[in-house]
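1. Below is the structure, and that's it, no one-letter string:
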């Protein structure tokens, strides 16, 4: 709905799933990942500008629904996201998300966007940003354990931002790996389908785990570690859902997004409260050296943080506006007199007649 | 966006501000208020079915932005709502809101609705529901202090659900009162414009305060109380925003929505943590007598609780479906293979070419 008065701007830009597909198609996926990564880097560098809170979660038998708010002095953002591992059995995605950017000064919602596809892009961009800062220079071979909905995005992000050229793939579901191989054909990546995690991980510079089971799994055990590996642990992201044996954590230098949240949701939920971790933004800002030696094992314990959605929403907002994608919707009424909400109903006086 | 596969239901019903106006016009405002009140009553009676949390608030210089989640075993609901008292100077509403209903079993969002107009309806319905349980039988005269955006809804709700016939109006802004008088003309209510709160309150059976300043105001002082009054305090609803002198609270039997939230946000934020209050649902459920004597002063310290938005969203959802109002939107992508998010981009293969 267009504003009734040109100076009262209450409409909201809506970028739906089809709009976002068009947007990424127009930009190209590599440019989209790079654009989100650059926005992420800029926002991580002004870490202290943000009011951060751990997410709010509603746990139920089959999954979780979460609200993830974050704000700086200008913009308030939140994401709605679920995680329901069994959804694929019904043909639904395990993760569905959408989010809003609003003006802090007035509370007006400016953007409503799909965030299912966008979350895959921002998660991959965050992983690659962390690996660029933490992996050994010259890392070319990555094991990719878990070949589901996020795997292609991780592959493209690591190819373009980190320089990965060889992928070693494993998933308990061979159909997922077959899909990944099809989707990555002709992308300049050397693909090897492996029969086990052990086989995939052997000789890898980087190991990405992005599995979906809501369980305390041990995808990686300490025996699999090789000196100098960088681990990108994406799938363990809520209480009771981990991917790594605790021995892996004990042997690695661990980096996290937002420590208070990761203590609850990340791989480090297995560890004591004083287990040492470093927030990634400190490495990006030059406050922490990151990797200290070629032989060190580094681990990015990624859970997904609201600030990353703020960055992604900012990128969607700016890109959609510049490409003319999306439509204006009337999430909030346009009123001539904001004290006269009732006046919205006046077009038809009969509505207020006594019963 | 329609689902690509008939058995995969990922679309969301969108009810925008214009849709909601049409919906209320079709139903009539009295029937809408009554419909929401009945849904509220049913949901309050199954209080223990809900997972309740105090709202999450982001406070800034000029206002607050809040997320209010609540869930039962079937549905998760949340509301986004702001409160920015200065917004009217820029022609924006002080309060703007929208919300979502989602399936707990899958996380799929089922309804996205405007909640600006709907919040005024549910707030008035809740106030009237409380007054019907707490005010003296035969209450006919109500003072209405604060004649802004919510005042008409309070007036109609109290007329139809409580039997109020006479309104005594006061607002520090005479234009707001003039607007209210215009809007309520011909509604079967005897209206008196008063020069002060003192004048408006004198002889009233019910006193409704619904003022907007973000401050510790003392709209009502103990001297104004008369035996048997019911006070409906709507405007004090966040830390630092109260309407009543603490002496008023000391003289009244106080009823609240959700005690942990009201201790933070309600009038009782002025009182010690053990100040006695009763949750309204106990009165509705017959677990508490409510008013104990004709001379008692009762007070509903209303702050607005997420469960009320759950009820309102349920009513919007059911009513919109039955009237065929609203449109389907693609907040979540429809995918043939939920493990193939990347496949959404495949229509144009160039997007994944290496940079």
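-> Nice, thanks for sending it over. Remember, predicted model here, so these are calculated numbers, not experimental data.
2. Do you have the strands of the stretch 1-150 of chain A handy? List them.
-> Secondary structure of the stretch 1-150 of chain A, counting by DSSP state E, counting those that start in this stretch: strands at A:12-15, A:51-52, A:56-60, A:63-71, A:75-83, A:97-103, A:109-114, A:141-145.
3. tell me the average confidence for the fourth one?
-> Pointing back at strand A:63-71 there. Mean pLDDT, computed over strand A:63-71, is 94.
4. Taking their axis directions, it and strand A:56-60 sit at what angle?
-> Using axes from the mean of the first three to the mean of the last three Cα atoms, to 10 degrees, the direction of strand A:63-71 lies 180 degrees away from that of strand A:56-60.
5. For the stretch 1-150 of chain A, give me the ranges with low pLDDT.
-> Residue ranges of the stretch 1-150 of chain A with pLDDT under 70: A:1-8.
6. rewinding a little: determine which of the strands of the stretch 1-150 of chain A approaches chain B most closely.
-> Among these, the nearest to chain B by Cβ to the nearest Cβ is strand A:75-83 (2.4 Å). (Glycine included, C-beta is placed from N, CA and C.)
7. Neighbouring strands of the closest one in the sheet, and parallel or not?
-> strand A:63-71 (antiparallel), strand A:97-103 (antiparallel) (DSSP bridges).
8. Which strands or helices does the particular helix or strand that has residue A:319 in it pack on?
-> Element membership for residue A:319 (DSSP states H and E) is helix A:306-323. With contacts taken as 3 or more Cβ pairs under 8 Å, 6 or more residues apart in numbering or on different chains; DSSP states H and E, helix A:306-323 sits against strand A:12-15, helix A:17-27, helix A:29-45, strand A:63-71, strand A:75-83, strand A:97-103, strand A:109-114, helix A:116-134.
9. can you do 6 Å?
-> Identification of packing neighbours for helix A:306-323 by 3 or more Cβ pairs under 6 Å, 6 or more residues apart in numbering or on different chains; DSSP states H and E yields helix A:17-27, helix A:29-45, strand A:63-71, strand A:75-83, strand A:97-103, helix A:116-134.
10. Go ahead and measure how far it is from the middle of the chain.
-> 13 Å (Cα atoms, centre = their mean, to the nearest Å).
11. can you pull the buried residues of it?
-> A:306-317, A:319-320 (16 or more other Cβ atoms under 10 Å in any protein chain shown).
12. which among those residues gets closest to residue B:241?
-> Closest approach between the buried residues of helix A:306-323 and residue B:241, by Cβ to Cβ: residue A:306, at 26.1 Å.
13. what's the spacing between that closest one and residue A:181?
-> Using Cβ to Cβ, to the nearest Å, one gets 34 Å for the distance from residue A:306 to residue A:181.
14. Ok, residue A:319 next?
-> Distance from residue A:319 to residue A:181, counting by Cβ to Cβ: 30 Å.
15. Could you list which residues are in contact with residue A:118?
-> residue A:312 (Cβ atoms under 6 Å, 6 or more residues apart in numbering or on different chains).
16. so residue A:218 makes contact with residue A:245?
-> Yes - under the criterion of Cβ atoms under 6 Å, residue A:218 makes contact with residue A:245 at 4.3 Å.
17. Tell me which of those two has more neighbours.
-> Set residue A:218 next to residue A:245 and count neighbours by other Cβ atoms under 10 Å in any protein chain shown: residue A:245 wins out with 21 against 15.
18. List the residues that contact the more buried one.
-> A:218, A:221 are the contacts of residue A:245 under Cβ under 6 Å, 6+ apart.
19. and it, how far is that from residue A:251?
-> Counting by Cβ to Cβ - residue A:245 and residue A:251 are separated by 10 Å.
20. List the residues that contact residue A:113.
-> A:15, A:99, A:316.
21. Count the residues that sit near residue A:18.
-> Residue A:18 sits with 16 neighbouring residues when counted by other Cβ under 10 Å.
22. if we can go back for a sec, could you dump the strands paired with strand A:75-83 to TSV with mean neighbour count?
-> Formatted as TSV, those follow (neighbours: other Cβ atoms under 10 Å in any protein chain shown):
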stretch	mean neighbour count
strand A:63-71	24
strand A:97-103	24
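23. Residue B:46: which of those strands is closest?
-> strand A:63-71 (19.9 Å).
24. so that closest one versus strand B:109-114, what angle?
-> Interaxial angle, strand A:63-71 versus strand B:109-114 (the same axes, to 10 degrees): 30 degrees.
25. what's in contact with strand A:63-71?
-> Contact partners of strand A:63-71, identified using Cβ under 6 Å, 6+ apart, comprise A:50-52, A:55-58, A:77-79, A:81-84, A:104, A:238, A:306-307, A:310, B:58, B:67, B:69, B:76, B:107.
26. So what's the gap between it and the chain middle?
-> The answer for strand A:63-71 is 12 Å, by Cα atoms, centre = their mean.
27. and if you look at stretch A:74-86?
-> Relative to the centre of its chain, stretch A:74-86 is centred 10 Å away, using Cα atoms, centre = their mean.
28. Closest approach to chain B from the stretch 151-300 of chain A, which residue is it?
-> Residue nearest to chain B within the stretch 151-300 of chain A (Cβ to the nearest Cβ): residue A:152, separated by 3.8 Å.
29. Now for that residue, how many residues are close by?
-> 26.
30. contacting residues for it?
-> Here residue A:152 is in contact with A:183, B:342 (criterion: Cβ under 6 Å, 6+ apart).
31. 8 Å instead, please
-> A:180, A:183-184, B:341-342, B:352 (Cβ atoms under 8 Å, 6 or more residues apart in numbering or on different chains).
32. Turn the residues you listed into CSV, columns for pLDDT.
-> Output for those, formatted as CSV (pLDDT from 0 to 100):
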residue, pLDDT
A:180, 97
A:183, 95
A:184, 96
B:341, 89
B:342, 92
B:352, 42
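33. Filter those residues down to just the ones in helices.
-> A:180, A:183-184 (DSSP state H).
34. restrict those residues to contacts with chain B.
-> Contacts with chain B are made by residue A:183 out of these, judged by Cβ under 8 Å from any Cβ of the partner chain.
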